[in-house]
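Peer 1: Structure for the following, please:
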Amino acid sequence: MQFDINLNKKSLITFVGAGGKTSTIIALAQELKKMKKKVLITTTTYMYSSITKLGDYSFLKKIGDISLDKPSITVLGERVEGEKIKGLSPTVINRIYKENLFDFILVEGDGSKGRPIKGPKSFEPVIPMETEKTIGIIGIDCLGKSISEDYVHRPEIFTKLTNKNLGDTIDINSVVKLVLNENGIFKDSKGENILFLNKIENNEDITLGRDIGQKLESEGFYKVIFGSIKAKKFY
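Peer 2: Okay, the predicted model is just below:
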């Protein structure tokens, strides 16, 4: 089990950043279900409504009258808007957590429009108070790309956080600065912060991931996991 999850204790985990949040949430939920856990997937922002097809149950506004005595995945949102589900308020998610209906609640805390990296705006992410782990995700495929709308969600904020300019190349130091900046990927985080470098596909990616991990460790940030959620491999 990645992310140092205690299977014997219920937990609320919030995912922020870019480069594979939804895929990571789905993979973790499916793994937890195999371990006979009851899992709720929800969001404080928006998620594609197609995620409801992956759950055993899906609801809007509130949990319906179901029996939760078996391992399961439940998806809950406020309402459907086009192709997406609008999420719940942090207050509602905290209340559900305290009701002890689920072993694990997995929350998507911000959006990224499919980009591998982002700079968070002032109102995001939205992280429930009861969160025990905040998992920040960055796609390693951002490295070597230009800082532009094509590869960065909110590039104008990203440049301020990393001391870069629009059009500059995203490098290892850019990622390190985004992680360490108080307004960066872990802005407003709760509980333990864990960085997951996703989309590690080859030996070169592994080397880059290790370089980022070592730079962060030298700055006192120790919890870095890198791998490929798609290939279900971790290094």
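Peer 1: Contacts for stretch 84-96 next, please.
Peer 2: With Cβ atoms under 8 Å, 6 or more residues apart in numbering as the test, stretch 84-96 has contacts from 12, 40, 42-49, 51-52, 60, 63, 75-80, 102, 105, 107-108, 126-130. (Each C-beta comes from the backbone N, C-alpha and C, glycine too.)
Peer 1: pretty sure residue 101 belongs to a strand, no?
Peer 2: No - counting by DSSP: H, G, I helix; E, B strand; the rest coil, residue 101 falls outside a strand, being coil.
Peer 1: Quick check: closest non-adjacent residue to it.
Peer 2: Nearest residue to residue 101, sequence neighbours excluded (Cβ to Cβ, 6 or more residues apart in numbering): residue 68, at 5.8 Å.
Peer 1: Tell me, how many residues neighbour that neighbour?
Peer 2: 15 (other Cβ atoms under 10 Å).
Peer 1: Run through the residues that contact it.
Peer 2: 38, 74, 101, 102.
Peer 1: With neighbour count added, can I get those residues in TSV?
Peer 2: Putting these into TSV (neighbours: other Cβ atoms under 10 Å) gives the following:
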residue	neighbour count
38	20
74	23
101	15
102	24
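Peer 1: For stretch 48-58, list every residue counted as buried.
Peer 2: Under the neighbour-count criterion of 16 or more other Cβ atoms under 10 Å, stretch 48-58 has 49, 51, 52, 55, 57, 58 buried.
Peer 1: And the closest residue to the second one other than its chain neighbours, which helix or strand is it part of?
Peer 2: Yep, that's residue 51 we're talking about. Once flanking residues are discounted, residue 51 sits nearest to residue 75: 5.8 Å by Cβ to Cβ, 6+ apart. Taking DSSP states H and E as the criterion, residue 75 maps to strand 72-77.
Peer 1: repeat for residue 225
Peer 2: Going by DSSP H and E, residue 225 is part of strand 224-228.
Peer 1: what are the pairing partners of that strand, and which direction each?
Peer 2: strand 192-198 (parallel), strand 233-234 (antiparallel) (DSSP bridges).
Peer 1: quick one: the last one to chain centroid distance?
Peer 2: What it means is strand 233-234. On the basis of Cα atoms, centre = their mean, to the nearest Å, strand 233-234 sits 17 Å off its chain's mean C-alpha point.
Peer 1: contact partners of that strand?
Peer 2: 2, 200, 225, 226, 227, 228.
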